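Asks: Have a look; sequence and predicted model below, questions after that.
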Amino acid sequence: MPQAPAGITGARDGGNGGLAEPLLANGGGVHPAVPVAATAVNGSGLAGKKKESAEDRYWEDVDQPEALVAPAADVESGAGGRRPLLFRNKRVKRHILYPYRFLIFARLIAIILFFIWRMENNISDVKWLWALSVAGDVWFGFSWLLNQLPRFSPMKSIPNLAALSHQYDLPDGSSSLPGIDVFVTTANPVDEPILYTMNSILSILAADYPVEKCSCYLSDDAGALIHYEALVETAKFAALWVPFCRKHSVEPRAPESYFELKSVPYNGGAHEDFIHDHRFVRREYDEFKMRIDMLFDTVRQRSDAYNAVKSEGRTKATWMADGTQWPGTWLDAAEKHTKAHHAPIVQIVLQQPSHTPQLGPSTSVTNPLDLSATDVRLPMLVYLSREKHPSYDHQKKAGAMNVQLRVSALLSNAPFIINFDCDHYINNSKALRAAMCFLLDPREGENTAFVQFPQRFDNVDPTDRYCNHNRVFFDGTMLSLNGLQGPSYLGTGCMFRRAALYGVEPPRRRAGEITVSADTFGNSSASFLRSIPIAKKQDRPIVVQQLDESITAELMNVMSCAYEVGTSWGRGVGWIYNIATEDVATGFRVHRQGWLSRHCTIEPAAFRGTAPINLTERLLQIMRWSGGSLEMFFSHNNPLLAGGRLHPLQRVAYLNMTIYPVTSIFIVVYGLCPVMWLFPEEFYIQRPFTRYVVYLILVILMIHMIGAFEIRWAGITWTDWWRNEQFFMIGATSAYPTAVLYMVIKLLTGKGIQFRITSKQTAAGGDDDKFADLYVFRWVPLLIPTTVVFAMNVGAIGVALGKVIVFNGVWRSVQVRHAVLGLIFNVWIMALLYPFALAVLGRRGKKPTILVVVMPIAIVTVALAYVALHSLLNGIIPF
């Protein structure tokens, strides 16, 4: 196997690790003073063995050869001869898969029989309510079927980093891996804390990928000088942080997360230097954070000083450190210097490095770290902020990423792109290599448009109260789609083929070369248009264009507001516009062209990020997602309108993704049914009532039986499953119906959903509680339906108890039985809304046992109120 030159750390940064081998092999032991963190790594240690045995219990390898004979002239890769497979597929073992499929089929039969029974027994005390409930049951069955059908053939794909290294890492320490452009987007230095963004950048710069093949682009949609100067500070600190990571094989490579570890794992080969280096870098990082925190004051004080000397009139400009005015947004808004109106900006903060390793200095008075055997090169780093003008619709995040796509094409033009939200960082330094295993594989690599990693979060409370981890979706639904055309695009943490983003068809569907026209890609000079067909060539070296006068002018052109007018950008090219969930819509457009995608899970997790852990922010987030799903259905991206290149079950999956919020209408109706307890006379939605409830219990129970199998092959827990059920109920009584209402308004008025950045700022907890944000609760209108449903069910139980007291000895046994069956429904609803009740309690909900006291008191209070009202109004008003 090819090896890096002896003595150089970071030339390839341990690229031989793979999922067939440990991802992080312990190269130098552990310093006695530094405890080992109990980190589970595939194939390494007891935890890894346990995980592997659990995986082997439910998954088996799909028969496949070790290598394939590639065409003599491979247009996409330029490689011929015998090429090793870079990933292996696994399928669920038959003893799990067949019973799982049988249960799905059995539940489908049970639902059909239930519908037939209801139609034959159309006996109800309220006919319109019976009709509505039947319509709801039909929709529930249809929605469940859409959700379940694509899960018939789950597939797990395991990258082989050892094979990738053997194929692409050369004996001289260089690499023939293709280039990657990394996109990071941010829009607000307050709601999206700068330190999160800079940690994301640092983790990217320190990733285990050929340095000269990786370029990082930060898109600042705020046009804020704070972001630019923070990036300059980050580049300075990266000169220390990145070599430290390479020398000591540090994981994770975002310093904030690394230094938060209670015990520091050591995987490097110089443990005798580690303690000294760790302490020094930690001190430097603390100073770096202080400089970042002071930037707001620094820029303000500098600008005030310059304005006192140079300002003309009342204009208060924002000044850069070199004494020039900032062309973007000023601290004190002025014409052409606001967030919505400013000139385009592009600055190369770090130039592209050389193609040969550059060793650092030895230990000295000015350099405490010995980097004489470590490659100290850094990837190219670029700051950009597109032009803004009030007369143009800037298309939010999708518009910003399309500008990144064009700017990067003019500078580095890497054939692959990976994008991150500013609060996500690379947690596993080999993640970029893992994605390449799928995109360069000799089987369908050239027809694979993107590789989606599941999202993982750091700041979620241990109980995951509001289902932030969303494991049922990321580890269940996405694995299922992996057995079809592939998972949907979910935004952050996705490696894309640049040609696919340009709207180009996959090679198996493409006849001839890529057609480039100004009508499609914009009225650009020859530089950008020439870069488009070149983008598909994977084996070319990455040569960054020099910022001469012509390239600078072209950059300003492609970043201008008017550039996309009359072109295919936002529809057939780049990220999709006019839909709140531009990621899902973009992935759909790629799939409908016939491209494939892959789901990739590695350990440790490839990327990690920050999630909104208070209920209000979480619901506002999913309201935008669900609203975007409905927008997608009522657009030309409707899955029903896709052509024949979309796999039938992939179409079903996308259809489910676009209409699931509609389910909330019937859930709210069912949730309000307990109001019937307030009426003096008994009436039933369906008779015979006992059989009706038994049927409902059976079909609901079968969902959880199916879930038991999904829990096994998806590798999730019952807690994950239950949290998913709970939060779906909370969302279905709040965010989803609000999204449906917004969609109706948009169809009637043409006004869409207002995009709102999810705040990542944390609450200031007086007791330094890491999860203080969990207990922050802010009332918003979308919480009204959930509150009403919860109150109705609490009241229903209280009224039922009151009726038992009032009518003791009067009710017949059948009435008692019906009451008990009805109360089962009420209790079930309350159990599903339990996290909502805790949220309402705010900080008092820190101890969940408080509900054990509060709820009985509330129920008894309602019961006593009913008894009192009955005694007062009996004979006057039926009660």
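Replies: The structure has been received and is ready for your questions. Since we're looking at a predicted model, the values are computed, not measured.

Asks: Look at residue 594 and say how many residues are nearby.
Replies: 20 (other Cβ atoms under 10 Å). C-beta coordinates here come from the backbone N, C-alpha and C atoms, glycine included.

Asks: actually residue 773, sorry about that
Replies: Around residue 773 there are 21 residues (other Cβ under 10 Å).

Asks: Same question for residue 254.
Replies: Residue 254 has 28 nearby residues by other Cβ under 10 Å.

Asks: Looking at it now. What's its pLDDT?
Replies: On pLDDT, residue 254 comes in at 97.

Asks: Over to residue 42?
Replies: pLDDT for residue 42: 41.

Asks: Repeat that for residue 225.
Replies: 96.

Asks: Can you verify my assumption that it contacts residue 326?
Replies: Yes - between residue 225 and residue 326 there is a contact under Cβ atoms under 8 Å: 4.5 Å.

Asks: between the two, who's got more neighbours?
Replies: The residue with more neighbours, out of residue 225 and residue 326, is residue 225; 26 against 22, by other Cβ under 10 Å.

Asks: Contacts only, for the more buried one.
Replies: Counting by Cβ atoms under 8 Å, 6 or more residues apart in numbering, residue 225 makes contact with 299, 318, 320, 326, 328-329, 331.

Asks: quick one: which of those is nearest residue 430?
Replies: residue 328 (35.9 Å; Cβ to Cβ).

Asks: and the closest residue to that closest one other than its chain neighbours, how far is that from residue 404?
Replies: Of all residues not flanking residue 328 in the chain, residue 223 sits nearest, at 3.3 Å (Cβ to Cβ, 6 or more residues apart in numbering). Distance, residue 223 to residue 404, using Cβ to Cβ, to the nearest Å: 14 Å.

Asks: try residue 583
Replies: Distance from residue 583 to residue 404, counting by Cβ to Cβ: 14 Å.

Asks: swap in residue 464?
Replies: Distance of residue 464 to residue 404, computed by Cβ to Cβ: 33 Å.

Asks: okay, those two: which has more neighbours?
Replies: Remark: of residue 464 and residue 404, residue 404 carries more neighbours, 26 against 21, as counted by other Cβ under 10 Å.

Asks: Going by secondary structure, the residue nearest to the spatial centre of the chain is in what exactly?
Replies: Nearest to the mean C-alpha position of the chain, counting by Cα atoms, centre = their mean, stands residue 455 at 4.7 Å. Here residue 455 is covered by no helix or strand, with elements defined by DSSP states H and E.

Asks: how many other residues sit next to the spatially closest residue to residue 372 that is not a sequence neighbour?
Replies: Nearest non-adjacent residue to residue 372, counting by Cβ to Cβ, 6+ apart: residue 362, 4.4 Å away. The local packing of residue 362 (other Cβ under 10 Å) involves 11 other residues.

Asks: Residue 244 too?
Replies: Neighbour number of residue 244 under other Cβ under 10 Å is 24.

Asks: what residues are up against it?
Replies: So residue 244 contacts 250, 277, 281, 369 (Cβ under 8 Å, 6+ apart).

Asks: how about residue 626, phi and psi?
Replies: phi -70, psi -40 (degrees, to the nearest 10).

Asks: isn't it right up against residue 735?
Replies: Yes - taking contacts as Cβ under 8 Å, residue 626 lies within contact range of residue 735: 6.0 Å.
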